[in-house]
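**Student:** Here you go, sequence then predicted model.
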Amino acid sequence: MSDLYRVHGSENQFYLLDQTQLQAALTPEEQQQLAIELAQREHVDGLLVVDESDSALGKMTVVNADGSLAKMCGNGLRTVARYLSEQQHQRDFAVTTALKDLSVAQQPDLAPGVPAFAVEIAPVSFDPTALPFTPALSETPIIDQVLPALHPSLHFTAVAVPNPHLIAQVTREQMASPLLQTLGEQLNTSNPYFPEGVNVSFAVQLAPNELFVRTYERGVGFTNACGTGMAATTLALSQTKADVAMNQLVSVYNPGGMVKTWVHHDDTGFWIDLIGNATVMAHATIDEDALHRGQWRDVTIEATPEQAAYEQFVATLPREF
Ligand SMILES: N[C@@H](CCC[C@H](N)C(=O)O)C(=O)O
């Protein structure tokens, strides 16, 4: 039998599979099939696959709900960090991701029974080829720019962290409107601007260094929270809005809870710390052959007490959305 864990960061939910514990690793096609099956049957946002790494404590691969691969996942990385930390008894280490080994570190619990981790979000690029977006949208980096092809007045910033994000600060009315869904769907189906799709985030400023962010994710659709989206949004607004500061903690609320972000900059460029919960909701056991066939059948799922603790924590948040 093999073990999987249902995990979440800010209710961005995944199944986590440690391939090093299997008799045979899943092929990329099998991982893709399994992610699609899990999204359909268990309504999670994707699959996090843990492998061995030559240069870090472990390696994370992110497979979206539609089977596409993601270059990074901030909420997912916190849960992988917790898994590796408990497995290998370390608190401060690195995890290999698609483009870079990223630093992760255990943090004080957010509340009783709510473990937390900080993860590095990097590398960061505003270069059109890094997202990528086409000259039909803009020939230069998009920073606080009106894009008439997308909307007559919103100011957008596009940044890869390294997965692609398009961000706009909006009013509460715009946040409540269907605009985010319309843009998210337009830019994540065949379109002349973002050939590989893009995560689209809207942000409302609640107070200085306090944001509410909602994201329509590439390969998924609406999520409760997108960790890289909240990190990218803090970075984008810290460059263009006086009310979001670099080198300070920023609170980012989302439909699934809240995280803290911190934007850094030095000679090498930008990076962002993302701090939030890493919750294990359930432990699942399944026959390894079924996993290889992408069949989520005859599974035993046992819930942990952690979700109740998380919901109690969220109930204490001063939420306006
Ligand atoms: N939810 C994630 C981001 C997952 C990847 C995204 N769907 C993509 O394809 O870029 C996060 O917490 O960062």
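**Tutor:** Now that the structure is in, tell me what you want to look at.
**Student:** Look at residue 240 and report its pLDDT.
**Tutor:** Residue 240 is assigned 89 on the pLDDT scale.
**Student:** Assess the claim that it and residue 143 are in contact.
**Tutor:** Yes: using C-beta atoms under 8 Å, residue 240 is in contact with residue 143, at 6.8 Å. Using the backbone N, CA and C atoms, a C-beta is placed for each residue, glycine as well.
**Student:** show me what contacts the closest residue to residue 248 other than its chain neighbours?
**Tutor:** Computed as C-beta to C-beta, 6 or more residues apart in numbering, the closest residue to residue 248 that is not its neighbour in sequence is residue 209, at 6.0 Å. Neighbouring residues of residue 209 by C-beta atoms under 8 Å, 6 or more residues apart in numbering: 243-245, 248-251.
**Student:** Hmm, residue 99 is touching residue 62, no?
**Tutor:** No: counting by C-beta under 8 Å, residue 99 sits too far from residue 62 to count as a contact (11.8 Å).
**Student:** what's the overlap in contacts for these two?
**Tutor:** The contact lists of residue 99 and residue 62 share 71-72, where a contact means C-beta under 8 Å, 6+ apart.
**Student:** So the two - more neighbours on which side?
**Tutor:** More crowded of residue 99 and residue 62, by other C-beta atoms under 10 Å: residue 62, with 25 against 14.
**Student:** quick one: the more buried one is in a strand?
**Tutor:** Yes: per DSSP: H, G, I helix; E, B strand; the rest coil, residue 62 lies within a strand segment.
**Student:** Go ahead and confirm it touches residue 79.
**Tutor:** No: counting by C-beta under 8 Å, residue 79 is not a contact partner of residue 62; they are 11.1 Å apart.
**Student:** any shared contact partners between these two?
**Tutor:** Residues touching both residue 62 and residue 79 (C-beta under 8 Å, 6+ apart) are residue 48.
**Student:** what's residue 1 in contact with, if anything?
**Tutor:** Per C-beta under 8 Å, 6+ apart, neighbours of residue 1: 285-288.
**Student:** Let me know the closest of the residues you listed to residue 40.
**Tutor:** Within these, proximity to residue 40 (C-beta to C-beta) peaks at residue 286, which comes in at 15.6 Å.
**Student:** ok, what's across the strand from the closest one?
**Tutor:** Taking DSSP bridges, one obtains residue 2 as the residues bridged to residue 286.
**Student:** That one: what's it in contact with?
**Tutor:** Counting by C-beta under 8 Å, 6+ apart, residue 286 touches 1-2, 4, 296-300.
**Student:** go on, residue 276?
**Tutor:** Here residue 276 is in contact with 9-10, 75, 78, 110, 116-117, 227, 257-260 (C-beta under 8 Å, 6+ apart).
**Student:** out of those, which touch the ligand?
**Tutor:** 75, 227 (C-beta under 6 Å from any ligand atom).
**Student:** What about the contacts of residue 276, which are in strands?
**Tutor:** Members of the contacts of residue 276 lying in strands (criterion: DSSP state E): 9, 110, 116-117, 257-260.
**Student:** Dump those residues to CSV, plus pLDDT and neighbour count.
**Tutor:** Shown next, in CSV, are these (pLDDT from 0 to 100; neighbours: other C-beta atoms under 10 Å):
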residue, pLDDT, neighbour count
9, 98, 33
110, 97, 24
116, 98, 21
117, 98, 22
257, 97, 26
258, 97, 23
259, 98, 29
260, 98, 19
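**Student:** wait, which of those residues is closest to the ligand?
**Tutor:** residue 9 (6.5 Å; C-beta to the nearest ligand atom).
**Student:** my read: that closest one touches residue 223, true?
**Tutor:** No: counting by C-beta under 8 Å, residue 9 stays clear of residue 223, with 10.5 Å between them.
**Student:** quick one: whatever helix or strand residue 159 lives in near the ligand?
**Tutor:** Per DSSP states H and E: residue 159 is located in strand 155-160. No: Strand 155-160 lies out of reach of the ligand by C-beta under 6 Å from any ligand atom, never closer than 9.4 Å.
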